[in-house]
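J.: the sequence isn't on hand, but the structure is:
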């Protein structure tokens, strides 16, 4: 595990991702990399020589800036239905934040959130950049079951539950597009360093998009980000 | 085909794991006791990564519909083939219609069943290891059918090898984790001087330790975790992540079990004691 200063900072994540790019340009099929906020975990399938590996990593780090960035970064536009059928905690979030429900939705859909990490469950995104006025503490009693696609708020974080799981986040909507599909390669279309922008949809559109994504005809909207 | 007549508690198909998808939050999975998986495959001259059945605590009843050769490793569960006892580490011929069943748990916690050529379940993302929702099923169910190659004649490499179980010790060899330095003298003394008990909360994701040690106030930014990572919660709980464990976490990672010690721990059950030993 390699670690950068202990802070949540877009520049640190960019530096880590440039380093991982430099590493991936070499033949290292035995390795996998888990970048997250201010660290990257390097995992090898086979035994390796530590000193030799250290030298190689330092070399790759020194070359990270000159390296041609081959991975495209995208901003994904994800539809979210904020209807009361899904937004179980929206009234409570509105009350705690002092904002109207419409204002909560407007703020939540006003940012391009940066994907700082993917973990916890397959396809679970750690998103950064939540407007300060939407920072609401976790629920006192977590739900035993949160449905797939549930969009939640917790502290400085917002995110989407990729599958049924227990959860303590405040649920304010539902995204009909699954973030993890083991039948696809890659199974998760989002990468660390990408961005997510939510937009509000009606219940009818939610139903339609859900069917479209189930049969595989939903067209994801994305824009290329200049690195 | 192998037919599951009675699945009993919790059995899954496992190979050595699913590599290359941890950056998308997919745990590595694979046999909890990888040494036992390797042993079983080696004794049958299979490939090291061939899929085996991992059987937890109590064994299922299985009907073989195709001739093959099998080998059992790991926990000892008084296995019988058509009511005749069979021993771990022996390569045993199985004929069509034979029934394998298990009795009382005698040692360890997870037993492995390998067939010649491995089980041929569906490969998802490069692995046959069962992990929901990557694979459709969570565990083996009644009437599940698992295919494998027919083998009518095979001469085992070694007959009746005298192998010691590798999991008898209760020492878990650990290295320092990334946040080892947050530990104070009181916590260090507790960690390395006493025996700990495996709690009821233990599964393929994590093993929780029953005793608490002194807690802490340190927070870390979410960062990578591995099978064998020992996390310390603010309240002083010790959590040891296992093969289906999450790929990132936010609790300080104070220790890291060696590969061999993950196998040892995989053979412990609630009430068993373990002791950490720094290497």
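T.: Happy to help now that I have it. Quick caveat, the model's predicted, so the values are computed rather than measured.

J.: list the contacts of residue A:179.
T.: Residue A:179 sits next to A:123, A:124, A:125, A:160, A:162, A:188, A:189, A:190 when contact means CB atoms under 8 Å, 6 or more residues apart in numbering or on different chains. Backbone N, C-alpha and C define where each C-beta goes, glycine included.

J.: swap the cut-off to 6 Å and go again
T.: A:123, A:160, A:162 (CB atoms under 6 Å, 6 or more residues apart in numbering or on different chains).

J.: tell me the helix or strand right after the helix or strand of chain A with the lowest mean pLDDT.
T.: When each helix and strand of chain A is scored by mean pLDDT, DSSP states H and E, strand A:165-167 comes last, with a mean of 83. As assigned by DSSP states H and E, the chain's next helix or strand after strand A:165-167 is strand A:170-174.

J.: helices or strands up against that next one?
T.: strand A:73-81, helix A:90-97, strand A:150-154 (3 or more CB pairs under 6 Å, 6 or more residues apart in numbering or on different chains; DSSP states H and E).

J.: what is the burial count for residue 62?
T.: Picked chain A for this. 11 (other CB atoms under 10 Å in any protein chain shown).

J.: not quite, go with chain B.
T.: So residue B:62, with other CB under 10 Å, has 26 neighbours.

J.: and the least confident helix or strand of chain A, anywhere near chain B?
T.: No - using CB under 6 Å from any CB of the partner chain, strand A:165-167 never reaches chain B; the gap is at least 10.2 Å.

J.: rewinding a little: which one of the helices and strands packed on strand A:170-174 is the most hemmed in?
T.: strand A:150-154 (a mean of 23; mean count of other CB atoms under 10 Å in any protein chain shown).

J.: thought residue B:277 was touching residue B:175?
T.: No - in this structure, residue B:277 is not within contact of residue B:175 by CB atoms under 6 Å, at 10.6 Å.

J.: ok, now how distant is residue B:19 from chain A?
T.: Distance of residue B:19 to chain A, computed by CB to the nearest CB, to the nearest Å: 6 Å.

J.: tell me which element that residue is part of?
T.: Judged by DSSP H and E, residue B:19 forms part of no helix or strand.

J.: all helices of the chain, in order?
T.: Picked chain A for this. A:10-24, A:50-62, A:90-97, A:101-108, A:203-215 (DSSP state H).

J.: my bad, the chain I had in mind was chain B
T.: Under DSSP H, chain B gives helices at B:34-43, B:185-193, B:259-266.

J.: would a markdown table of those with distance to chain A be doable?
T.: Below are the helices of chain B laid out as a markdown table (distance: least, CB to the nearest CB, whole Å):
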| stretch | distance to chain A |
| --- | --- |
| helix B:34-43 | 12 |
| helix B:185-193 | 20 |
| helix B:259-266 | 10 |
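
J.: most tightly surrounded among the ones you listed?
T.: Most buried of those by mean neighbour count (mean count of other CB under 10 Å) is helix B:34-43; its value is a mean of 23.

J.: and that one, what other elements does it pack with?
T.: strand B:68-76, strand B:107-115.

J.: dump the helices of chain B into a markdown table; add mean pLDDT as well.
T.: Formatted as a markdown table, those follow (pLDDT from 0 to 100):
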| stretch | mean pLDDT |
| --- | --- |
| helix B:34-43 | 97 |
| helix B:185-193 | 95 |
| helix B:259-266 | 97 |
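
J.: who wins for proximity to residue A:78 among the ones you listed?
T.: Closest of the helices of chain B to residue A:78 is helix B:259-266, at 37.3 Å (criterion: CB to CB).

J.: could you tell me the angle between the closest one and helix B:34-43?
T.: 100 degrees (axes from the mean of the first three to the mean of the last three CA atoms, to 10 degrees).

J.: residue A:207 - how many residues pack around it?
T.: Around residue A:207 sit 13 other residues, with neighbours defined as other CB under 10 Å.

J.: spatially nearest residue to it, not counting backbone neighbours?
T.: residue A:176 (7.7 Å; CB to CB, 6 or more residues apart in numbering or on different chains).

J.: test my guess that the one you found contacts residue A:210.
T.: Yes - Residue A:176 is within contact range of residue A:210, at 3.8 Å (criterion: CB under 6 Å).

J.: from chain B, how far off is residue A:195?
T.: Using CB to the nearest CB, residue A:195 is found at 17 Å from chain B.

J.: correct me, but that residue touches residue A:116?
T.: No - at 10.7 Å, residue A:195 does not count as touching residue A:116 under the criterion of CB under 6 Å.

J.: who's more crowded, those two?
T.: Neighbours per residue, other CB under 10 Å: of residue A:195 and residue A:116, the larger number sits with residue A:116, 25 against 21.

J.: contacting residues around that one?
T.: So residue A:116 contacts A:37, A:126, A:128 (CB under 6 Å, 6+ apart).

J.: count the neighbours of the first one for me.
T.: Read it as residue A:37. Look at residue A:37: counted by other CB under 10 Å, it has 25 neighbours.

J.: my guess is it contacts residue B:220, does it?
T.: No - here residue A:37 does not reach residue B:220: they are 9.5 Å apart, not a contact under CB under 6 Å.

J.: pull up the overlap in contacts between those two.
T.: With CB under 6 Å, 6+ apart, residue A:37 and residue B:220 have no common neighbours.

J.: picking up where we left off before, can you report how many residues neighbour the residue nearest to residue A:207?
T.: 23.

J.: pLDDT score assigned to the spatially most central residue of chain A?
T.: In chain A, the residue lying closest to the centroid (CA atoms, centre = their mean) is residue A:125, at 2.7 Å. pLDDT recorded at residue A:125 is 95.

J.: that one touches residue A:115, doesn't it?
T.: Yes - with contact defined as CB under 6 Å, residue A:125 and residue A:115 form a contacting pair (5.2 Å).

J.: neighbours around residue A:129, how many?
T.: 16.

J.: assess the claim that it and residue A:111 are in contact.
T.: Yes - in terms of CB under 6 Å, residue A:129 counts as a neighbour of residue A:111; the distance is 5.1 Å.

J.: how far does stretch A:54-71 stretch from one end to the other?
T.: Taking CA to CA, to the nearest Å, stretch A:54-71 runs 24 Å from one end to the other.

J.: same thing with stretch A:170-183?
T.: Stretch A:170-183: ends 30 Å apart by CA to CA.

J.: where does chain B have its least confident helix or strand?
T.: For chain B, counting by mean pLDDT, DSSP H and E, that's strand B:248-249 with a mean of 92.

J.: adjacent strands (with direction) for that one?
T.: Paired with strand B:248-249 in the same sheet, following DSSP bridges, are strand B:223-224 (antiparallel).

J.: please list the residues of the stretch 51-200 of chain B that sit near chain A.
T.: Contact residues, the stretch 51-200 of chain B versus chain A (CB under 6 Å from any CB): B:124, B:125, B:133, B:134, B:178.
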